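> this is a predicted model, with the sequence first.
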Amino acid sequence: MRPEDRDLAYLLDRRAAAREISGFVQVILYTGFVENRMVRYAIERYLIGFGEAAHHISEKFQDEHPWIPWRPMVGQRNSLAHVWVDIQIERIRSAATVNIPALLNALEPLVPEG
């Protein structure tokens, strides 16, 4: 697979994931987020996927789109995957309610619908 095809596949997948996360947090209040481990764990899993995808996006694409926080996504993935005992609920909530919508806005123009 050509790098640009692989990049597009990752971006399509991550756009779908960002839309899912946005849907989760729109229907659940903060207290529900704190109390509902299933939703939190699903969002954590999606965030791990964002970091994994960011790690595999070509350097060329990353260099062409420096406003997307590639390295922070990878760092967050590493923290969630390897330092799971110190995961802070507020940081996950903030990623889901602030960072993901901003990322979705950045991805929308880069990825065709369909």
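Received the coordinates, thanks. Residues are numbered from 1 along each chain as shown.
> helix or strand right after the worst-scoring helix or strand of the chain on mean pLDDT?
Every helix and strand in the chain was compared by mean pLDDT, DSSP states H and E; the lowest is helix 30-35, with a mean of 84. Note on helix 30-35: by DSSP states H and E, the next helix or strand toward the C-terminus is helix 37-56.
> other SSEs contacting the helix or strand just after that following helix?
Counting by DSSP H and E, the next helix or strand C-terminal to helix 37-56 is helix 59-64. Counting contacts by 3 or more Cβ pairs under 8 Å, 6 or more residues apart in numbering; DSSP states H and E, helix 59-64 packs against helix 3-26. Using the backbone N, CA and C atoms, a C-beta is placed for each residue, glycine as well.
> same for the helix it packs on, what does it pack against?
Partner elements for helix 3-26 (3+ Cβ pairs under 8 Å, 6+ apart): helix 37-56, helix 59-64, helix 100-107.
> can you tell which of the ones you listed is closest to Gln76?
helix 37-56 (5.6 Å; Cβ to Cβ).
> leaving out the residues flanking it, which one is nearest to Arg14?
Ala53 (5.1 Å; Cβ to Cβ, 6 or more residues apart in numbering).
> for stretch 60-69, what is the distance to the chain centroid?
15 Å (Cα atoms, centre = their mean, to the nearest Å).
> residues in contact with that stretch: which ones?
With contact meaning Cβ atoms under 8 Å, 6 or more residues apart in numbering, stretch 60-69 is reached by 3-4, 7, 54, 70, 99, 103, 106-107, 110.
> how about those residues in a markdown table, adding distance to Ser79?
Converted to a markdown table, the contacts of stretch 60-69 look like this (distance: Cβ to Cβ, whole Å):
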| residue | distance to Ser79 |
| --- | --- |
| Pro3 | 27 |
| Glu4 | 29 |
| Asp7 | 24 |
| Ala54 | 14 |
| Trp70 | 15 |
| Asn99 | 14 |
| Leu103 | 17 |
| Ala106 | 21 |
| Leu107 | 22 |
| Leu110 | 26 |
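> buried subset of those residues?
Neighbour counting by 16 or more other Cβ atoms under 10 Å classes 7, 54, 70, 99, 103, 107 among the contacts of stretch 60-69 as buried.
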